[in-house]
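Undergrad: Sequence first, predicted model second:
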Amino acid sequence: MPSINKIELFKNLQTAIELEHSTIPPYLAAYFTINQDTNAFSWSVIRSVFMEEMLHMTLACNVLNAVGGHPFIDNPTFIPEYPTEFNFADRKFDVGIVKFSKPAIEAFLEIEKPSEQKLRVEGEHLKNLMQPINLEEKTIGEFYQAIKDQLIHLVEEYGEEEVFNGDSSIQITAKHYYGGGGKVIEVHNLETALFAIDIIVDQGEGASGTIYDGDETFFGQEQEVAHFYRFNEIYLGQKYNEGDHPNENPTGEKVTINWDAVIDMVDNPKASNFPEGSAARIKADEFNQLYSHFLRLLHLAFNGQSHLLVKAIGMMYQMKYVAAELLNCPTSDSSKKMAGPPFEYIPLAERKQFHWLVEELVVELK
Amino acid sequence: MKTPKEKPLKAFEDLSVIITGFPKADIVGTGLLETYFNTIEAELGKFVFENLLNAILKIKIINIEQLTEGEYSNVSELIISSKYKQSIEKIIQLWYLGEWIVAPYSDENYIISSQSYIEGLIWKAIAAHPMGGKQPGYGTWGFPPLTYSPETKSN
Amino acid sequence: MSKKNEYDVVIVGAGISGGIVANQLAEKGHNVLILEAGVKKDFSFDTYREYLNTYYENTVKIPNSPYPQNSNAPQPLVTDVDGIKNGIQQFNEKGYFKQYGPAPFQSTYTRAKGGTTLHWLGTCLRMLPSDFKEQDLFGIGKNWPINYYDLMPYYRMAEHEIGVSANIEEQSYLGIAFQKDYVFPMTKIPQSYLDKQLSKWTKNAVFEYEEETFNYKVVSTPQGRNSNPNPKYNNGEGYQPIGAVGNPDLGQRCEGNSACVPICPVQAKYNALKTLQKAVNKGVVIKAQCVASEIMYDDNTGEIIGIKYKEYDDFDALKYDENCFYKEKIVVAKRYVLAAHAVENAKLMLASGFKNKNIGQNLMDHPVLLTWGLAPEKIGAFRGPGSTSGIPSLRDGAFRKNRSAFRVEIGNWGWNWPTGSPSADLSDALSKQLFGKDLRKALLDKVQKEFRFGFLIEQQALSNNCVTINEQYKDALGNYRPIINYNITDHEKEGMLAAKSFSKQFFKTIKGENKTKYDSNNGGYIEYKGESLWWQGAGHLAGTHIMGTTKENSVVNKEQRCHEHSNLFLVGCGNMPTMGTSNPTLTMAALSFWAAENINKDLEQLKN
């Protein structure tokens, strides 16, 4: 029997990790530009969504680790350059780092749209750009199904032990994930791997045929609508009612969306676009530094040093505060637009010794 | 086109950098520059505040975030001089605590807003975070303290 | 005056003890009403954020600073306490309490839904077995009619309800025992860097005092604050941390807000709203803006026949107005529970003409001796919960015959409590003409080394320390204001001397700098045997209706039922004959579970 070849599987799982991560900066940009007090509903919704994307990322890493692969996070190709093109079989669209707005929510709806759902809204098109998220002619649902099929097929051919031969001690455990819907699943066999993938799909698109995300079945939690429908609630300013059908508009309680109570952030901020020496430039550089250090921490955490997650999460908090500062900095002396978090990758060699630096990272920089 | 407010606001920004010891990016990042300008103008009076700003403008400083020995002593003289000393102290306290302090323990002291409390620079100065805000995350209090230390005037 | 529907149980006070009793009884299917003196507030997180904003904008951040001052249900404030003039402790006319001294009573409580757990620190220590029989063991204080082992199962219930984080292997000392295989719901809250350094620097260190040598250790403090759930908890069932009420995804872990006292912005810290929410979901009714004013009882049998209360308007809820309008109402039930905290419970009973002479007496607090200084290296003050570790080693010993025991609380927030740092440090630096980067550096270099100790000194129960009432002192609604007579004894002062010595030796051992300097004008300053001492209140109020064997020596029996009024139960710290050296909330919560059991038995019997 030929020896097991997991290359295709590893590649797809790595793409899954990148896919789940790629939605986070755009969601964060929308989240940072609104206020918990003036846009409470949208703020909670977006928060709950990106918390779940982080869960999905973690689940995908657990699956990859379980089958003996290695998540590759600290590298320049890990983050797309925004605006970026999402390239699925059924649709192609651009997503950028833009303030909370109707176009932003439209883009989010596109990201989360379940495979068969027809979207009845018009969207502004953003520029096409490089490093698209390319699922090679599949829908998201089909993409994850393909991963599931691969796993099932490999297990049939080689047996569970061969397939799931990763180091179980490096699995991210439930205790590290909190404050959002769902639980981290430790993956060590086919059942847990399939379960983990089901969570990713159902929380995003909805358990098939419904507006709900399956959390009730998975986690015994209160029924929550899936991401797509949560964004629709924002877009239409109305909540879904129990029993509403996926293809119809929500019929529940109306919610106020303050489309004007938003920080006027420049679209797709880039550090180099801000004048050298300006507050915007300094803070943008600081943000990118933090973000890159964060990716390194995540990389190390997902590759065996899970205790570093505490530091990685601490880094996320710092990124949030620097982003808030950035949003107070005009892009230039004459501009009314505010700078924003660029989420740009800084290569290891250019990272600075920083007040938030961690011992492990200092050692590496030396 | 520069609005009437911009020049004094810029002078205030420079003053704030010099007296707080924080770089422009941190000052602007609080989002409170204009709010504080208005507070100080209301509390000290337009005349006094304008004079103070003009006095600062008179001192030639090449890089406000890195004063030379000479520049430092000129500023020092201005600040410690009895005319502006109290006002400067109050402005420093405003930036550091988000509070306008009339006198220690006075009933007339007030915190400008929740935001000003949270953006108080004292917490950055001691490499911590405002009590009740900008929380650093679970477990972070177990790590060694942040070592970031600003250079002193002599650098 | 109108009568209201008859309930199975009426509880006065929507705090932790009232909440626990209500929740437990509702679970058993009983019909429960809670009367709460504080303002009507819903359980939404938006409402809670109002408290947070009030806190941010308050220039004086005392424990009650986020919570509205309400003249219909006034509450004591630490700023009510006066200082010393010409060596004499002053007692002013402001504030809710009328104090006669000689020592100032400096602790406070909160009259709102959620009660004092809104502003508590969250420390959850069990009492020691010795603490229950101090009279027998040390000839000082009182004996409980129950012991530690009786309370064990209830401690577990309390630890579950509050959600206590601790590692069991560190917590068995000085006789504290646990059920086999027991673990706390969550693993310990990470210790601060300060704790870890202090621990390192005092390895093998000893404390020498009065010819005795004591070993001591820095130990993580069990606390009601969300940490990582322990998968072994409850026979492997695990534990789900309870987040903020009205926003359950928030507060699932402590995030290091460093504001526990007076308010946790994310509700990672337990507060009684979490228990009250559960109770309300089970059908418990909470009527706020209802201040109990009198407990009516039959002169012959002692049976309680109703509770009279004053219900004040929405309209003018926070302002005393000549025309402040309230309606007087009566509620009737099969069983009555007072859960309004030690002082209010006593006050209410006195107002109702209860005859038991122990009511109001034996008022206890933990006088806290504060000392402070600088660590030899930067430890990063002002991070994390107010305290994550302490030194429990001196909570017990034969020396208790001669002096009070104490528990050492290690403070993570620099000199905030004793001096008002870091603002005080800023004033200091400004007075030295510092500005700009020099100012920043001076603050960084100093404040990052700051830490403080709080020595919780055990106080014994004495009849002279008491709550009384007088016609002269009433509040806006015409209810009595508590009158406090309070003092500390030589036994406690001896404990403070030992604590001060411990502090001195400790700073020497770690090669730090002891910066403790007391201001003789501050309330709580005293001199004893040539030493200056300064103590503050811990926020612990107990003993005002103690538990005991007879109506001569106590107010309630071990069922927590009033000796003289068989359908009335009292819960809260007022029941405790001693507090030992632990923050009393956990013990009080345990007792509340027990009381609920007893009340339930009563009600079941009534049905049959």
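TA: Cool, got the structure.

Undergrad: where's A:Asp37 relative to C:Gly246, distance?
TA: Using Cβ to Cβ, to the nearest Å, one obtains 15 Å as the distance from A:Asp37 to C:Gly246. C-betas here are computed from N, CA, C, even on glycine.

Undergrad: Let me fix that, I meant to ask about C:Val555.
TA: 37 Å.

Undergrad: which residues of chain B fall in helices?
TA: B:6-20, B:24-29, B:33-44, B:46-58, B:69-80, B:82-97, B:114-118, B:122-125 (DSSP state H).

Undergrad: now those helices as JSON lines including mean neighbour count, mean pLDDT and distance to chain A?
TA: Formatted as JSON lines, the helices of chain B follow (neighbours: other Cβ atoms under 10 Å in any protein chain shown; pLDDT from 0 to 100; distance: least, Cβ to the nearest Cβ, whole Å):
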{"stretch": "helix B:6-20", "mean neighbour count": "19", "mean pLDDT": "92", "distance to chain A": "9"}
{"stretch": "helix B:24-29", "mean neighbour count": "23", "mean pLDDT": "96", "distance to chain A": "3"}
{"stretch": "helix B:33-44", "mean neighbour count": "17", "mean pLDDT": "97", "distance to chain A": "9"}
{"stretch": "helix B:46-58", "mean neighbour count": "15", "mean pLDDT": "90", "distance to chain A": "18"}
{"stretch": "helix B:69-80", "mean neighbour count": "16", "mean pLDDT": "87", "distance to chain A": "18"}
{"stretch": "helix B:82-97", "mean neighbour count": "19", "mean pLDDT": "93", "distance to chain A": "14"}
{"stretch": "helix B:114-118", "mean neighbour count": "20", "mean pLDDT": "98", "distance to chain A": "10"}
{"stretch": "helix B:122-125", "mean neighbour count": "24", "mean pLDDT": "96", "distance to chain A": "10"}
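
Undergrad: Let me see the confidence value for the residue located most distally from the centre of chain B.
TA: Centroid-distance maximum for chain B: B:Gly139 at 31.0 Å, with Cα atoms, centre = their mean. Model confidence at B:Gly139, expressed as pLDDT, equals 96.

Undergrad: same check, this time on C:Pro68
TA: pLDDT, C:Pro68: 86.

Undergrad: Over to C:Glu50?
TA: Value for C:Glu50, per-residue pLDDT: 94.

Undergrad: same check, this time on C:Ala288
TA: We have a pLDDT of 96 for C:Ala288.

Undergrad: right, and it touches C:Lys40 too?
TA: Yes - if you go by Cβ atoms under 8 Å, C:Ala288 and C:Lys40 touch, sitting 4.2 Å apart.

Undergrad: Show me which of those two is the more surrounded one.
TA: C:Ala288 (22 against 13; other Cβ atoms under 10 Å in any protein chain shown).

Undergrad: Can you pull the phi/psi pair for the more buried one?
TA: phi -90, psi 170 (degrees, to the nearest 10).

Undergrad: Break down the stretch 101-250 of chain A into its strands, ranges please.
TA: Under the criterion DSSP state E, counting those that start in this stretch, strands of the stretch 101-250 of chain A are mapped to A:133-134.

Undergrad: Surely C:Ala333 is in a helix?
TA: No - assigned with DSSP: H, G, I helix; E, B strand; the rest coil, C:Ala333 falls outside any helix and is strand.

Undergrad: number of nearby residues for it?
TA: Neighbourhood size, C:Ala333 [other Cβ under 10 Å]: 22.

Undergrad: That one reaches C:Glu6, doesn't it?
TA: Yes - judged on Cβ under 8 Å, C:Ala333 makes contact with C:Glu6 at a distance of 6.3 Å.

Undergrad: what is in contact with these two at once?
TA: The overlap between the contact sets of C:Ala333 and C:Glu6 (Cβ atoms under 8 Å, 6 or more residues apart in numbering or on different chains) is empty.
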